[in-house]
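> Test case, fold it:
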Amino acid sequence: MDAAAVEVSVVLPAYNEESTIKSTVAVTLDTLSSFLSPGQFEVIIAEDGCEDQTPEIADRCADSNEHVNHFHSDERLGRGEALNRAFESAAGDTLVYFDTDLATDMSHLEELVESVRSGEYDLATGSRWMPGEEAARPPKRAISSRGFNFLVRTLLGSELRDHQAGFKAFSRDAFEDLRPVVQDSHWFWDTEMLVKAQRRGYRVKEFAVDWTPKGDSKVDLVRDVLGMGSQILRTAWEIRIKPYANRRTGMVAGLFLSVIAIALMFVYLDPRTVFAEMLRADPVLIGLAAAVYVMSWPIRGWRYADILSSLGYRERVGFLTGAIFISQTGNLVFPARAGDAVRAYVVKARRAVPYTTGFASLAVERVFDLLTITFLAGGVLLGMAGLAPDQVAALSRTLSEGVGLSVAQQESARTAIIVATVVGAGAIGAVVVIVLSARSDRNRIRGLVEWTSEDSYVEFVATILERFVGDVQRVGAEPRAFTRVGGASLIIWAIDVFTAILVFLAFGITVPLGLLVAVGFFAVSVGNLAKVLPLSPGGIGLYEAAFTVLVVAMTPVAPAAALGVAIVDHGVKNVVTVLGGAASMVLLNVSLTEAMHGSAEVEETKPTDQG
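Got it, this is the predicted structure:
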């Protein structure tokens, strides 16, 4: 067949379609022949890393008909990338694709092709949601489809009714212009194509089609929620916010959010109480407490460098300390510890550490933090149970009777202790899992993820999670690194405790030193375990609640003074964090707004040693 004569190239994206691909090719050839002359069209089977007999059947189809070509991929590319490669190798100027299940009635194929081939439109797409279409959709599929299209229209500014129908055509010029700016490589690919085509002024035709659902109609959690939802948010940032947020405006916004972080400390606390307690504290000792707390940050950077080194990345401690400052500032500003994603972005954008490795290293660090403070709290409690049973009894009495505490403080304290216990137990369990899994070469994460979903998109998710779990296992498999990270964690949290002890002394509280140290370790440890979850019943922060009730129960310190110490201790640490984060943003030229975007332009690279 003369490739120069081909005007229309139809691509059939095929993944494990052994039962349908032969009949689909036959129906496609017959339909094209009904309105195009022989030699004007070609059919390309874009077989995408299939695991069944689809490749062999596609080969036979290509061998038996000169109008059929077989595009084979050994690895799974994803529907979008498979279409990209097939269209790039296609001969026609009108590029068409539709789903191989032939859910769309093929009587509409001529209108689809001729809308673009005639030059009247640059893109054309079938629609199941326009007046005049006849598509009987199961309720679950209809709800998810309407919800998806509503979000695309609302957040991305599209004027189309249906973006997901697998029945589309592109002019060669439009495809080649849009191809470089479309980032998704799987299910969101055609939606992103349509959205960006409209924004670039291309003429897009949407017309009603008859559509009959084929196969399983259930909503898929991995694809529909995780995959599609994240891509809508990513595209919304790219087209609606990023163009108006350059590096300078992003830096200003980041610094503004840092100031907001300080104000967030007062959400659950009466500002007048905070300032009154701070005024009675010795400013010299408060300053010394801040200076001591600052000392823990380079150790955090050294510990993180040790973790990354185990994963094949060697980075300077100074850079990593700055990245941690920025991420911890993000944790004060954004909910659900979203600052952790900030650090993953910073090390990727500035040092090309893949996201999977960035999050795996963060997971290891977090587990060691929680494990260390769990053992600190548990060790002190066991010691006091043997040496000072009266303090343990007082703790129980304070929790049950609320001696000197309001009802709100009692409830917050009980919640804090429960949360601390659950989080501590979880930390111990996580370390056990890491150690045991590190001794095995088996990684069962793919089987688990595939159990939750039947969609092919799950393979992408499983691959990412496999890398994540593999990185965690690598750290756990190195006894020396495991020991060093654990030792650094002990030093970091010991400094955190001594910061609190200095704040105690700044308030002029007279408590025997041994008891002060023990209570300090216990209160800080339980307080930090308690604040892992974003709970705050009774109008008081969980850290402050746990800290206050433990101090009241174990020492003669009055509730008001104990609360003041908790407020100032937490405040000193947050202020140091925010100031360090602001300075690091300037030095590393990174803003929180940029980091939360998580630039998709930085490509992942394999682990290499970088000085």
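
> For residue 119, list the residues it contacts.
When contacts are counted by C-beta atoms under 8 Å, 6 or more residues apart in numbering, residue 119 touches residue 171. To be clear about C-beta, it is placed using only N, CA and C from the backbone, and glycine gets the same treatment.

> ok, now with 10 Å
Counting by C-beta atoms under 10 Å, 6 or more residues apart in numbering, residue 119 touches 93-94, 171, 203.

> next one: residue 24
By C-beta under 10 Å, 6+ apart, the residues touching residue 24 are 12, 14, 17, 43, 45, 61, 98-102, 106.

> how does this structure divide up, domain by domain?
Domain assignment for the chain, taken from automatic domain parsing, gives 3-236, 248-264+283-597.

> Report the mean per-residue pLDDT for the longest one.
Put plainly, it is domain 248-264+283-597. If you average the pLDDT over domain 248-264+283-597, you get 68.

> ok, now stretch 234-245?
Stretch 234-245 comes out with an average pLDDT of 71.

> what does stretch 166-174 give?
Across stretch 166-174, the average pLDDT comes to 94.

> Residue ranges in the stretch 51-200 of the chain under the pLDDT threshold?
Scanning the stretch 51-200 of the chain for pLDDT under 70 picks out 131-144.

> hey, where'd the helices end up in it?
Ranges of helices in the stretch 51-200 of the chain, per DSSP state H, counting those that start in this stretch, are 54-64, 79-89, 109-117, 139-156, 172-178, 189-199.

> Dump those to CSV, plus distance to residue 517.
CSV is the format used below for those (distance: least, C-beta to C-beta, whole Å):
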stretch, distance to residue 517
helix 54-64, 69
helix 79-89, 59
helix 109-117, 76
helix 139-156, 53
helix 172-178, 65
helix 189-199, 58
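
> Nearest to residue 308 among the ones you listed would be which one?
helix 79-89 (29.9 Å; C-beta to C-beta).

> Which neighbouring elements make contact with the closest one?
strand 8-14, strand 41-48, strand 68-73, strand 94-98, strand 167-171, helix 172-178, helix 189-199 (3 or more C-beta pairs under 10 Å, 6 or more residues apart in numbering; DSSP states H and E).

> Pick out whichever of the contacts of residue 24 sits closest to residue 272.
Nearest to residue 272, judged by C-beta to C-beta, of these is residue 99 at 64.4 Å.

> Got phi/psi on the closest residue to that closest one other than its chain neighbours?
Setting aside the residues directly before and after it, residue 99 is nearest to residue 166 in space (C-beta to C-beta, 6 or more residues apart in numbering), at 3.5 Å. Main-chain torsions, residue 166, degrees, to the nearest 10: phi -80, psi 70.

> Could you report the neighbour count for residue 166?
19 (other C-beta atoms under 10 Å).

> Pull the contacting residues for it.
For residue 166, the contact set (C-beta under 10 Å, 6+ apart) comprises 13, 79, 97-104, 125-126, 187, 190, 211.

> Identify, from those, the entry nearest to residue 181.
Residue 181 lies nearest to residue 190 out of the contacts of residue 166, by C-beta to C-beta, at 14.0 Å.

> quick one: the residue lying closest to the closest one once chain neighbours are set aside and residue 185, what's the gap?
Using C-beta to C-beta, 6+ apart and skipping residues adjacent in sequence, the residue nearest residue 190 is residue 168, 5.8 Å away. According to C-beta to C-beta, to the nearest Å, residue 168 and residue 185 sit 16 Å apart.

> Compare those two (neighbour count), which wins?
Shown here are residue 168 and residue 185; by other C-beta under 10 Å, residue 168 has more neighbours (21 against 16).

> Who is the more buried one paired with across the strands?
Beta-bridge pairing of residue 168, defined through DSSP bridges, involves residue 97, residue 125.

> quick one: it and residue 558, what's the gap?
Here the criterion is C-beta to C-beta. By it, residue 168 lies 72 Å from residue 558.

> And for residue 50?
Taking C-beta to C-beta, one finds residue 50 at 73 Å from residue 558.

> out of these two, which sits in the more crowded spot?
It is residue 50, of residue 50 and residue 558, that has more neighbours when counted by other C-beta under 10 Å, with 21 against 13.

> What pLDDT does the model give the more buried one?
We have a pLDDT of 83 for residue 50.

> and it, that's in a strand?
No. The assignment for residue 50 is coil, going by DSSP: H, G, I helix; E, B strand; the rest coil, so no strand is present there.

> give me phi/psi at it?
phi -70, psi 150.

> any chance you could map the strands in the stretch 201-350 of the chain?
With DSSP state E, counting those that start in this stretch as the criterion, the stretch 201-350 of the chain has strands at 204-208, 210-211.
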